[in-house]
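One predicted model, sequence on top.
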Amino acid sequence: MPKSKKGSPKASPNKGSIDRRAFLKSAAVGAAALAANPTASRAQQIEARNAPPPPLPAEAEIGTPAKLDILTETRSGSDFMVDVIKSLGIEYICSNPGSSFRGLHESIINYGGNKNPEFITCCHEESSAAMAHGYSKIEGKPLAILAHGTVGLQHASMAIYNAWCDRVPIYIIVGNIVDATKRIGAVEWAHSVQDAAVMVRDYVKWDDTPASLPHFAESAVRAYKIAMTPPTLPVLLVADAELQENPIPDNLAVHIPKLGQFTPPEGDSAAIAEAARMLVNAQNPVLLADRLGRTPAGTKNLIDLAEALQAPVISRPGRMNFPSRHPLNQTDRANALIREADVILGLEMSDFWGNVNSFRDQMRRTSETLIKPGTKLISINSDDLYTKSNYQDFDRLPEVDLAIAADGETTLPGLTEAVKRLLTDDKRRAGEARGVQLAKAHQQTLARDREAAAVAWDSSPISTARLCAELWNQIKDRDWSLVSTTPFISNWPQRLWNIDKHYHYIGTQGGYGIGYGAPAAVGAALANRKYGRLSVNIQCDGDLMYAPGVLWTAAHHQIPLLSVMHNNRGYHQEVMQVQIMADRRNRGIDRASIGTTITTPNIEYAKLAQSMGMYGEGPITDPKDLGPALKRALEVVNRGEPAVVDVVTQPR
């Protein structure tokens, strides 16, 4: 077939050609009529199917040209979209397949060679978004997800909200058919929408619906910059099906804008100088950190500031902010130190108010301050640069004395230098004395935690402390990464393990939405794979049942990950909530298991894993069997495969 100057195929009707669809339609009409007639005899139906085609129309006999459908093309809009995505350095696209982005799907795997980005097949859109969430917290940049129309974005919405609350950048592309005249049948109508982004607009930082390929290119680059500028958050683009599937017009000039370099916002120099003055003059400064550890630099910068001041650090579970074995890590002594503090610096705190106040959950909810009169509060938080109103993830308003609207990680080096300039010999000596006392308290805390871990050591169900201790014994000499959250297991890893690298702990799920754990762990393990790190997931049982299909994704894509089930056979948070209500009403707590436990029957997670094509062992109920089982599973992970060990555990 002849081509145009830029490679697009042209129609070349021959003399005597006719409309192909009209011809096939007329040829089939007789047989279709008989087939639809239930009273037609078997012989009549066979005769109809074998009948010769009807004569050609008269126009064909006289050589009148007719229409010929163009069924192929060589350069489509989605090919250019893939070029744009490649320019952003996006390594993977996680997706459950959907027809509204079939053009992009085909371009990724064929035109793009299924590399940078590589298509990661997921069994649910919520898993796609949660994988992106976990990946970003390891890699420090987003991967992309594709979501199919209305229903795909609805499925993904919970995981997108988690990422929003956790201030994590993910890159969402939604397929849609805007032109109503191009929708084929009821399915496309039900899956198309006038404004695709509206259902998640309250919890994405920016969205756009490009109307042309140049528009897509500009918006794609803009979205990436917006997502990566603190506060880092999800962004969304709508890719119209017509824009994806139609050939690129010969006369259309397409261009990919340069991404360029961009820097996070740093705090005002005068405000930094004032914060340094307040900290240096304090008798008992305290550093609070939550979502500070956005990249490895966040941890290093906090160590530098803490050591310059010899100030205690309280690290909240939002990120790996500070080494667990560092003598200035005083997380377990948080309330006592906050009560003694005269200056408190909050760094990227998701709930500053909740850390300096106590709250009583009784019939009449009350609160009281933890800080003494005159204590000064300083906040460095990128959230001050961007806040929305509908979703209330911003918590109570802290009454701070100095609020610096900036990225904490980027601002800390300047603050540390300002502190060092103000330190006199007397201030240094006072800091050193304070550091000695803090180091002694830290060692006492470690000893208490080890004693507490020994309680119920030989019990069955297995204690969470023993689970974490046995796991630490197997991984401590490896380059490891804990890719799951820890509050559900009493934060035993922070209390028993030596956590000192950014990727050693990726933090909590942000919005506390269940169903995050398993897919986020797989996404983080995907990011860790190229570094050869051992990814470890302490997996809650109820969380896995939200989207167990992610186990298949890990097996199919050979993502090495050790998942150790924290199988307490229940939604224990909700067990406790029902107990609170029953106790408050003097009704006893013996029925609190109704509606909150996962028993009768018990779920066999090892068999579930095996059904997905991966190694599974358990349930482990005898603590003496736990260490050998973990060792066998690690041998599988060392081969580059995922494995699950089902451990029946105590509640927390």
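Cool, got the structure. Residues are numbered from 1 along each chain as shown.

Would you map the helices across the stretch 201-350 of the chain?
Counting by DSSP state H, counting those that start in this stretch, the stretch 201-350 of the chain has helices at residues 213-228, 241-245, 269-280, 296-309, 334-340.

would you turn those helices into TSV with mean neighbour count?
To be clear about C-beta, it is placed using only N, CA and C from the backbone, and glycine gets the same treatment. Shown next, in TSV, are these (neighbours: other C-beta atoms under 10 Å):
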stretch	mean neighbour count
helix 213-228	20
helix 241-245	21
helix 269-280	18
helix 296-309	21
helix 334-340	17
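
where along the stretch 51-200 of the chain do the helices fall?
58-61, 77-87, 102-106, 125-139, 149-165, 185-191.

Tell me which of those helices sits nearest to S367.
Comparison of the helices of the stretch 51-200 of the chain against S367 by C-beta to C-beta identifies helix 149-165 as nearest, at 22.0 Å.

Check which helices and strands that closest one is in contact with.
helix 125-139, strand 144-148, strand 171-176, helix 185-191 (3 or more C-beta pairs under 8 Å, 6 or more residues apart in numbering; DSSP states H and E).

Name the residues of the longest helix seen in the chain that come out as buried.
Longest helix in the chain, counting residues (DSSP state H): helix 425-454. With burial defined by 16 or more other C-beta atoms under 10 Å, the residues of helix 425-454 counted as buried are K427, G431, R434, G435, L438, A441, H442, T445, L446, D449, A453.

now for the helices of the stretch 201-350 of the chain, which one comes closest to S481?
helix 296-309 (12.5 Å).

Using CSV, write down the CA coordinates of that closest one.
What follows is helix 296-309, C-alpha atoms only, in CSV (Å, rounded to 0.1, in the frame of the first residue of the first chain):
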residue,chain,number,x,y,z
PRO,A,296,18.2,9.5,52.0
ALA,A,297,19.2,13.1,52.5
GLY,A,298,16.5,13.6,55.0
THR,A,299,18.0,11.1,57.5
LYS,A,300,21.5,12.5,57.1
ASN,A,301,20.4,16.1,57.5
LEU,A,302,18.5,15.3,60.7
ILE,A,303,21.5,13.4,62.1
ASP,A,304,23.7,16.5,61.4
LEU,A,305,21.3,18.9,63.2
ALA,A,306,20.7,16.6,66.2
GLU,A,307,24.4,16.0,66.8
ALA,A,308,25.2,19.7,66.4
LEU,A,309,22.6,20.5,69.2
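
Okay, angle between that helix and helix 269-280 too, please.
Interaxial angle, helix 296-309 versus helix 269-280 (axes from the mean of the first three to the mean of the last three C-alpha atoms, to 10 degrees): 50 degrees.

how far is helix 296-309 from where the chain is centred?
Between the centre of helix 296-309 and the centre of its host chain there is 26 Å, according to C-alpha atoms, centre = their mean, to the nearest Å.

between that helix and helix 425-454, how big is the angle?
Helix 296-309 runs at 120 degrees relative to helix 425-454, counting by the same axes, to 10 degrees.

Return the distance of stretch 387-397 from the chain's centre.
In terms of C-alpha atoms, centre = their mean, the centre of stretch 387-397 is found 20 Å from the chain centre.

Other residues contacting that stretch?
Identification of contacts with stretch 387-397 by C-beta atoms under 8 Å, 6 or more residues apart in numbering yields 161, 164-165, 202-203, 350-354, 357, 383, 510-511.

would you list those in TSV and tack on distance to S315, neighbour count and pLDDT?
Rendered in TSV, the data for those read as follows (distance: C-beta to C-beta, whole Å; neighbours: other C-beta atoms under 10 Å; pLDDT from 0 to 100):
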residue	distance to S315	neighbour count	pLDDT
Y161	25	22	98
W164	22	24	98
C165	19	21	97
D202	30	12	97
Y203	26	20	98
S350	13	22	96
D351	14	17	96
F352	14	25	98
W353	18	18	97
G354	15	15	96
N357	19	16	97
D383	18	19	97
G510	17	24	95
G511	20	18	95
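
Show me the two of those that sit farthest apart.
The span of the contacts of stretch 387-397, defined through C-beta to C-beta, is set by D202 and N357 at 27.2 Å.

Pick the one among the contacts of stretch 387-397 closest to M363.
Of all these, M363 sits closest to N357, with 19.3 Å by C-beta to C-beta.

Quickly note the distance from that closest one to G507.
According to C-beta to C-beta, to the nearest Å, N357 stands 23 Å off from G507.

H326 too?
Distance from H326 to G507, counting by C-beta to C-beta: 18 Å.

quick revisit: would CSV of the contacts of stretch 387-397 with distance to V193 be doable?
Compiled in CSV, those are given as follows (distance: C-beta to C-beta, whole Å):
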residue, distance to V193
Y161, 19
W164, 20
C165, 25
D202, 16
Y203, 17
S350, 32
D351, 35
F352, 38
W353, 38
G354, 38
N357, 43
D383, 30
G510, 26
G511, 24
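
Would you double-check that F394 falls in a strand?
No: checked against DSSP: H, G, I helix; E, B strand; the rest coil, F394 lies outside a strand; its state is coil.

Residue numbering should commence at 4 henceforth.
In the new count, where the first residue is 4, that last one comes out as F397.

what's the pLDDT at it?
At F397, the predicted lDDT confidence score is 92.

For D210, which residues count as its bridge partners?
L239 (DSSP bridges).
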